[in-house]
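Q: Below are the sequence and a predicted model; questions follow.
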Amino acid sequence: MEFELGSIMKLMKRRLLFIIVLCITVMGLASFISYYVMKPKYEATASILIQGDKQQNAINDIMAGQKLVTTYGEIIRSNRIAEEVVRRLDLKTTPEKLLEHVKTRTSSESLLTTVIVTDSNAVRATDIANTFGEAFIENIQSIMGVENVLFLDRAKEPTEPISPKPVLNIIVAFGLSLIIGIAISILGELKDKSVNSAKDIQLDLQLPLLGTVGKLKINKHRAKTKSKSVEGASRYEEESAKIVLPGTTEIN
């Protein structure tokens, strides 16, 4: 069977109910999972600014600055700092597991280091981000001899989760279910071996099409008139058969 844009549109009209039910079902499932199954994730961010004299003398070019800033990010995500955070907040987790939810973002130009913490609890995410900053500030002097380290921005409690995003999930679910519905309809049509048009015969037999016979439409008015005429004729015959001539008997 050959599919064109027009034939696909006709197919969608024939399978419209199936496609609508599929879309509603998938969108409802996506909505249920987004609101009731998936746990919300919150993101807290703390920014730390490092301006040490010893480091300023060591930075002679951009590459040296980039290496130092990268080192700062690695120190923040080290087990030494993570263990300090776990101890201070009395977290029921290991430093290795905690670091899976922590990432850093650095800038070589401003020597700015940002700590980003993701957690299912907004308050806990904020506490962890700020504690990472505090532990880093207290340990960086003994590690690298940096003295002028300060918070540029402490983490604030996030009000909106970064995930899940129910509206986006529902829109994606609608698009996917629509595509799947059309694909299933096309596959079902391809499995159907019945002939639906003269074009199908031409493609199957590989023979030129000479002509087609149109579908005969019955005129209801003419059919009704003809039916009345036949009924009247039959009544006339019955009445004629009942005529009795003088001197004869009626024959039933």
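A: Sure, I can see it. Numbers count the residues shown, from 1 in each chain.

Q: tell me the domain boundaries of this protein?
A: As assigned by automatic domain parsing, the chain contains the domains 5-37+163-191, 42-153.

Q: Ranking those domains by mean neighbour count, which comes first?
A: Mean neighbour count (mean count of other CB atoms under 10 Å) peaks for domain 42-153 among the domains of the chain, with a mean of 17. The way it works is simple: take the backbone N, C-alpha and C, and place the C-beta from them, glycine included.

Q: Endpoint to endpoint, that one covers what distance?
A: With CA to CA, to the nearest Å as the measure, domain 42-153 spans 18 Å from end to end.

Q: now residue 13: how far from residue 20?
A: 12 Å (CB to CB, to the nearest Å).

Q: I meant to write residue 132 there.
A: Counting by CB to CB, the gap from residue 132 to residue 20 is 50 Å.

Q: same deal with residue 30?
A: 16 Å.

Q: give me phi/psi at residue 105?
A: Dihedral angles of residue 105 (phi, psi; degrees, to the nearest 10) stand at phi -130, psi 130.

Q: Tell me where the model's unsure across the stretch 1-150 of the chain.
A: 1-6, 51-67, 108-110 (pLDDT under 70).

Q: Break down it into its strands, ranges please.
A: 42-50, 102-107, 112-119, 149-153 (DSSP state E, counting those that start in this stretch).

Q: Let me know which of the ones you listed is the nearest to residue 183.
A: strand 112-119 (36.0 Å; CB to CB).

Q: quick check: angle from that closest one to strand 149-153?
A: Per axes from the mean of the first three to the mean of the last three CA atoms, to 10 degrees, the angle that strand 112-119 makes with strand 149-153 is 60 degrees.

Q: thinking again about what came up before, export the strands of the stretch 1-150 of the chain as TSV, with columns for distance to residue 139.
A: Shown next, in TSV, are the strands of the stretch 1-150 of the chain (distance: least, CB to CB, whole Å):
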stretch	distance to residue 139
strand 42-50	12
strand 102-107	15
strand 112-119	13
strand 149-153	10
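
Q: Out of those, flag the one nearest residue 72.
A: Closest to residue 72 of the strands of the stretch 1-150 of the chain is strand 112-119 (CB to CB; 4.9 Å).

Q: Any chance you could list what contacts that closest one?
A: 41-50, 69, 72-73, 76, 101-107, 125-126, 128-129, 132-133, 136, 152, 155, 162 (CB atoms under 8 Å, 6 or more residues apart in numbering).

Q: Go through the chain and flag its longest helix.
A: helix 166-191 (DSSP state H).

Q: hang on, residue 26 packs against residue 174?
A: Yes - between residue 26 and residue 174 there is a contact under CB atoms under 8 Å: 7.4 Å.

Q: From one end of stretch 29-47 to the other, what's the distance?
A: Note: stretch 29-47 ends 39 Å apart using CA to CA.

Q: For that stretch, which outside residues touch it?
A: With contacts defined as CB under 8 Å, 6+ apart, stretch 29-47 is touched by 112-122, 125-126, 128-130, 132-133, 151-158, 161-166, 169-170, 172-173.

Q: can we see that at 7 Å?
A: 112, 114-122, 125-126, 129-130, 132-133, 151-155, 158, 161-164, 166, 169-170, 173 (CB atoms under 7 Å, 6 or more residues apart in numbering).

Q: So for residue 228, what pLDDT did the model give?
A: Note for residue 228: predicted pLDDT of 58.

Q: Check the one 10 residues further on too.
A: Residue 238 is assigned a predicted lDDT (pLDDT) of 54.

Q: And for the one 4 residues further on?
A: Predicted confidence (pLDDT) for residue 242: 51.
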